[in-house]
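Asks: Provide a 3D model corresponding to the input given below.
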Amino acid sequence: MSRKTLIGIVAACIIVVIVPLVISLSGCGPVGDQEVTFPDPNLDTVIRVALNKSSEPIHASELASLVSLDASHKGIEDLSGLQYCTSLAELNLLSNEISDISPLANLTSLTELYFMFNEVSDISPLASLTGLTRLGLDLNRVIDISPLANLTSLTLLSLYGNQISDISPLTDLITLTWLNLGSNRIGDISPLANLTSLIQLSLGSNQIGDISPLAGLTSLAQLYLMYNQISDISPLVDNDGLSDGDIVHLQGNPLSPDSTNIYIPQLEARGVNVEYLSLLAPAIGAIGVPITNIDFAWTDVTGADEYDWVLSPNPDLSSPVAVKIGLISAACTYSGTALAYDTFYYWQVAAYKEGAFINQSSIGTFTTIPAPP
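Replies: Numbering: from 1, shown residues only. Take a look at the predicted model:
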């Protein structure tokens, strides 16, 4: 075979191989660039808006160019496809219908992630996102927060309104300056003792009784402890960082007489603004209270213009003996039908400003005088 003939055969073979390949790639992105589809139509719409594309195919290289994405309030259920957005630094998934966040597991460029108001219980996909500095998980269904243990770059973490009881995974998150754990099932806050950079800490509506771990958090400027089971606030007095202009919220706790009569005034003397509606008279647990013409008094709440007062023989304040609405001073007198002798009674006060609730006391108790012989 001549050399010229051999060259012709080789050239023909190359054409046979190359031409179909070129045809098969026509209309695609760069060689090897995967086309990506989004099963969730709402997420697909968000992505197309972000990429300024209407109906054309979406490719992985385009998704990798996105650095910020706002997908809040869009009715999204399925995040499939989002795993190709590998350059995302900020992602907002607020108020959707998301339960599975596994597509986020490899988005290691994320520094800010928000998916409050969703249906997420398993947050294990977050364990690898060690670059996160701000994370919002409020109002989901989270119980186990162990996947957060290694997110040591976090400065802001919000876990309000979940089902969390064990916060030990937070022990080493020492860069946190803002932490919201309100409305969970937390009783033990000892894991917070090392978080000395905290400036704002929210622990309201939990099951906390012992606040001694807060004594060393001297950077605190705003502390929310309302509606717990706290009686002794001496650890707050021991925290010498609480000073002029700082705010402590203690509403709805069964504070001891020492806490209300000694420790709160000590904090206030240092310039701390203590928010607590304290029942003054009858003192909590008082005995020998008369059965009529009883004087009630409580602390005046800053900004309040009205108070509601209720008196009941039941601990849940049902079937009240008396109710007074719209009181303009921090005191009232009960002079109605005589109470029963030698009986336990319960009372509570709520404070309002321009019709809006702002504060509420714990439930006070007293026992009336014994029946005469």
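
Asks: who's in contact with stretch 324-337?
Replies: With contact meaning Cβ atoms under 8 Å, 6 or more residues apart in numbering, stretch 324-337 is reached by 292-301, 305-311, 321-322. C-betas here are computed from N, CA, C, even on glycine.

Asks: change it to 10 Å
Replies: Contacting residues not belonging to stretch 324-337 are listed as 277-278, 280-281, 290-301, 304-311, 321-322, 345, 347, 349-352, 355 [Cβ atoms under 10 Å, 6 or more residues apart in numbering].

Asks: what subset of the residues you listed is buried?
Replies: Buried members of the contacts of stretch 324-337, scored by 16 or more other Cβ atoms under 10 Å, are 277-278, 280, 291, 294, 296-299, 301, 304, 307-311, 321-322, 345, 347, 349-352.

Asks: which ones among those residues are found in helices?
Replies: With helices taken from DSSP state H, there is no overlap with the buried ones among the contacts of stretch 324-337.

Asks: any weak-confidence spans in this protein?
Replies: Along the chain, the model assigns pLDDT under 70 to residues 1-32.

Asks: domains in it, as residue ranges please.
Replies: Under the assignment automatic domain parsing, the domains of the chain span 35-277, 281-368.

Asks: from memory Ile123 sits against Leu132, does it?
Replies: No: Ile123 sits out of contact with Leu132 when judged by Cβ atoms under 10 Å, with a separation of 11.6 Å.

Asks: which neighbours do those two share?
Replies: With Cβ under 10 Å, 6+ apart, Ile123 and Leu132 have common neighbours Leu148.

Asks: which stretches of the protein form helices?
Replies: Read by DSSP H, the chain holds these helices, from start to end of the chain: 3-25, 41-51, 60-63, 234-238, 257-258, 264-269.

Asks: pretty sure Leu51 is touching Glu62, no?
Replies: Yes: Leu51 sits in contact with Glu62 when judged by Cβ under 10 Å, with a separation of 5.5 Å.

Asks: hey, where'd the strands end up in the stretch 201-350 of the chain?
Replies: Counting by DSSP state E, counting those that start in this stretch, the stretch 201-350 of the chain forms strands over residues 222-224, 247-249, 273-275, 279-281, 286-289, 294-298, 306-312, 322-327, 331-334, 344-353, given from the N-terminal end onward.

Asks: list the contacts of the nearest residue to Leu280 once chain neighbours are set aside.
Replies: The shortest distance from Leu280 to any residue that is not its chain neighbour, by Cβ to Cβ, 6 or more residues apart in numbering, is 4.4 Å, and that residue is Ala297. The neighbours of Ala297, taking Cβ under 10 Å, 6+ apart as the test, are Ser278, Leu279, Leu280, Ala281, Pro282, Ser329, Ala330, Ala331, Cys332, Thr333, Val349.

Asks: same question, Thr218
Replies: The neighbours of Thr218, taking Cβ under 10 Å, 6+ apart as the test, are Thr196, Leu198, Asn239, Asp240, Gly241, Leu242, Ser243.

Asks: can you do 6 Å?
Replies: Gly241 (Cβ atoms under 6 Å, 6 or more residues apart in numbering).

Asks: quick one: which two of the contacts of Ala297 are the most distant?
Replies: Checking the contacts of Ala297 against each other with Cβ to Cβ, the farthest-apart pair comes out as Ser278 and Thr333, at 18.8 Å.

Asks: which residues does the spatially most central residue of the chain contact?
Replies: With distances taken as Cα atoms, centre = their mean, Tyr160 lies nearest the centre of the chain, 2.0 Å away. Applying Cβ under 6 Å, 6+ apart to Tyr160 gives the contacts Asp138, Asn180, Gly182, Ser183.

Asks: ok, 7 Å please
Replies: Asp138, Leu139, Asn180, Gly182, Ser183 (Cβ atoms under 7 Å, 6 or more residues apart in numbering).

Asks: grab the nearest non-local neighbour of it.
Replies: The nearest residue in space to Tyr160 (Cβ to Cβ, 6+ apart) is Asp138, at 4.2 Å.

Asks: quick check: the one you found touching Met116?
Replies: Yes: taking contact to mean Cβ atoms under 7 Å, the distance of 4.0 Å between Asp138 and Met116 places them in contact.

Asks: and the closest residue to Leu139 other than its chain neighbours, how many neighbours does it have?
Replies: Distances taken as Cβ to Cβ, 6+ apart put Gly161 closest to Leu139, at 4.1 Å, once the chain neighbours are dropped. When neighbours are defined as other Cβ atoms under 10 Å, Gly161 has 20 of them.

Asks: please apply the same query to Thr333.
Replies: Thr333 is flanked by 12 other residues according to other Cβ under 10 Å.

Asks: quick check: beta-bridge partners of it?
Replies: Legend: beta-bridge partners of Thr333 under DSSP bridges are Asp295.

Asks: and the gap between it and Pro320?
Replies: Relative to Pro320, Thr333 is positioned 16 Å away (Cβ to Cβ, to the nearest Å).

Asks: what ranges does the stretch 1-150 of the chain have for its strands?
Replies: Listed from the start of the chain, the stretch 1-150 of the chain has strands (DSSP E, counting those that start in this stretch) covering 35-36, 58-59, 68-70, 90-92, 112-114, 134-136.
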